[in-house]
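> Show me the folded form of this:
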Amino acid sequence: MLLASLHEQIKRRINAGLEEAVNQLPDTATSLKQAMLYSLTNGGKRMRPLLVHLTGNMLDIPETDQRTISMAIECIHAYSLVHDDLPAMDDDDLRRGQPTCHIAFDEATAILAGDALQTQAFSILAEYPMSDFANQQRAKLVAVLARAAGYRGMCGGQAIDLAATGDAIDVASLKQLHQLKTGALLTACVEMVCLVSPDMSANHQRALCQFAQTIGLAFQVQDDILDVTASTETLGKPSGSDVAQGKNTFPSLLGLDGAKQELAKLHHEALQALHGLPYNTQYLIAFTDLMVSRNH
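Residues are numbered from 1 along each chain as shown. Now for the predicted structure:
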């Protein structure tokens, strides 16, 4: 219950900050601005900001730093969903129970909205308030986010996913795909918080990043399981769409029971990565449990 209450507080703060960030833009292209706002505020779970804040609270990072990092990451995440849903990519009509951006507006506006949200992320990271120590780390923060979002992260993973659609790949390749497509941005949540922690040891940073990488993969395994087991109403997007599109998924390669076993294994590995850290990891443990037990 404590985690759920904190999650709601973080969602409200981040939602308000994201709305303000877009609303303060000049009204030179109102349809684009509306599409950006639509894509940012259509019911996201804000799991990445939650991870940023839980890690930041554990390391006693100022709220301003957590907020700026969270908003930047969420802009990248929102842009990726807008582009993933496009006809040339996953061709989805529903996202979070609402029409996808290119359906609600049009394809050209959706492409531009994704582009503008991506650049908005770096504007936030470069310009928004941060502590004196974090202010000195801005270039490193930009580098981490750019790597996680680009060729060596999310975009690279999406390219591998598209290339592999309709062709069978092995489990190791599927894990690499999702470590890039999904895991890289979740790992960046933790890595960026560690960068603004003045007294962070390299060993503790590695352990936290290992935790984030593992939970990022677990998040995707659970996504694949839910695509098979949950309804469209619960998911907020068409259930079974991965199978219909010929996507490689953990249930398709391992079977549903095998995918659940892989999820349990990753859950254990994530908790092991937290073991021995000299911090109160109670909330990160609860976050881990939430990621593997969520139903949408």
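> any low-confidence regions in this structure?
Counting by pLDDT under 70, the chain contains low-confidence residues at 1, 230-245, 296.
> just checking, what's the longest helix in it?
In the chain, with assignment by DSSP state H, the single longest helix is helix 202-229.
> What are the buried residues along it?
204-205, 207-229 (16 or more other CB atoms under 10 Å). For glycine as for every other residue, the C-beta is placed from the backbone atoms N, C-alpha and C.
> Can you tell me the closest non-neighbouring residue to residue 54?
Closest residue in space to residue 54, ignoring its immediate chain neighbours: residue 283 at 4.6 Å, by CB to CB, 6 or more residues apart in numbering.
> The helix or strand hosting that neighbour packs against which elements?
Of the helices and strands defined by DSSP states H and E, residue 283 is found in helix 282-293. Under the contact definition 3 or more CB pairs under 8 Å, 6 or more residues apart in numbering; DSSP states H and E, helix 282-293 sits against helix 2-23, helix 47-58, helix 202-229, helix 250-274.
> Could you rerun that using 6 Å?
Packing partners of helix 282-293 (3 or more CB pairs under 6 Å, 6 or more residues apart in numbering; DSSP states H and E): helix 47-58, helix 202-229, helix 250-274.
> Any buried residues in that helix, and which?
283-288, 290-292.
> List the contacts of the residue lying closest to residue 83 once chain neighbours are set aside.
Spatial nearest neighbour of residue 83, excluding adjacent residues (CB to CB, 6+ apart): residue 114 at 4.4 Å. Residue 114 sits next to 79, 82-83 when contact means CB atoms under 6 Å, 6 or more residues apart in numbering.
> Against residue 101, how distant is residue 114?
8 Å (CB to CB, to the nearest Å).
> about what we covered before: helices or strands up against the longest helix of the chain?
By 3+ CB pairs under 6 Å, 6+ apart, helix 202-229 packs against helix 184-195, helix 250-274, helix 282-293.
> Tell me which of the ones you listed is the most buried.
helix 184-195 (a mean of 26; mean count of other CB atoms under 10 Å).
> before we move on, the earlier item: would you confirm that the residue nearest to residue 83 belongs to a helix?
Yes - assigned with DSSP: H, G, I helix; E, B strand; the rest coil, residue 114 falls within a helix.
> And the buried residues of helix 282-293, which two are furthest apart?
283 and 292 (15.5 Å; CB to CB).
> Outside of the helix holding residue 283 itself, list whatever touches it.
3, 54, 215, 218-219, 222, 263, 267, 270, 274.
> Need the nearest residue in space to residue 224, chain neighbours excluded.
With CB to CB, 6+ apart, the residue lying closest to residue 224 is residue 249, at 4.0 Å.
> Would you list the phi and psi of the one you found?
phi -130, psi 170 (degrees, to the nearest 10).
> looking at it, it is touching residue 223, isn't it?
No - with contact defined as CB atoms under 6 Å, residue 249 does not count as touching residue 223 (8.6 Å).
> Can you verify my assumption that residue 53 contacts residue 66?
Yes - the pair residue 53 and residue 66 passes the contact test of CB under 6 Å, sitting 5.1 Å apart.
> roughly how far out does stretch 178-187 sit from the chain middle?
With CA atoms, centre = their mean, to the nearest Å as the basis, stretch 178-187 stands 8 Å off its chain's centre.
> which other residues reach that stretch?
Contacts for stretch 178-187 (CB under 6 Å, 6+ apart): 148, 153-154, 156-158, 161, 209, 212-213, 216-217, 220.
> repeat for stretch 252-264
Contacts of stretch 252-264 (CB under 6 Å, 6+ apart): 171, 218, 221-222, 225, 250-251, 292.
> mind running it again at 8 Å?
Under the criterion CB atoms under 8 Å, 6 or more residues apart in numbering, residues 168-171, 174, 218, 221-222, 224-225, 228-229, 242-243, 249-251, 292 lie in contact with stretch 252-264.
> List every C-alpha atom in stretch 170-189, with coordinates, as CSV.
Only the C-alpha atoms of stretch 170-189 are listed here, as CSV (Å, rounded to 0.1, in the frame of the first residue of the first chain):
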residue,chain,number,x,y,z
ASP,A,170,16.7,-18.1,-30.3
VAL,A,171,16.1,-17.1,-26.7
ALA,A,172,19.5,-15.4,-26.4
SER,A,173,18.8,-13.2,-29.4
LEU,A,174,15.4,-12.4,-28.0
LYS,A,175,16.9,-11.4,-24.7
GLN,A,176,19.4,-9.1,-26.4
LEU,A,177,16.6,-7.5,-28.4
HIS,A,178,14.7,-6.6,-25.3
GLN,A,179,17.7,-5.6,-23.3
LEU,A,180,18.1,-2.9,-25.9
LYS,A,181,14.5,-2.1,-26.8
THR,A,182,13.0,-2.1,-23.2
GLY,A,183,15.9,-2.7,-20.8
ALA,A,184,18.2,0.2,-21.9
LEU,A,185,15.8,2.9,-20.9
LEU,A,186,15.0,1.3,-17.5
THR,A,187,18.7,0.9,-16.8
ALA,A,188,19.2,4.6,-17.7
CYS,A,189,16.7,5.5,-14.9
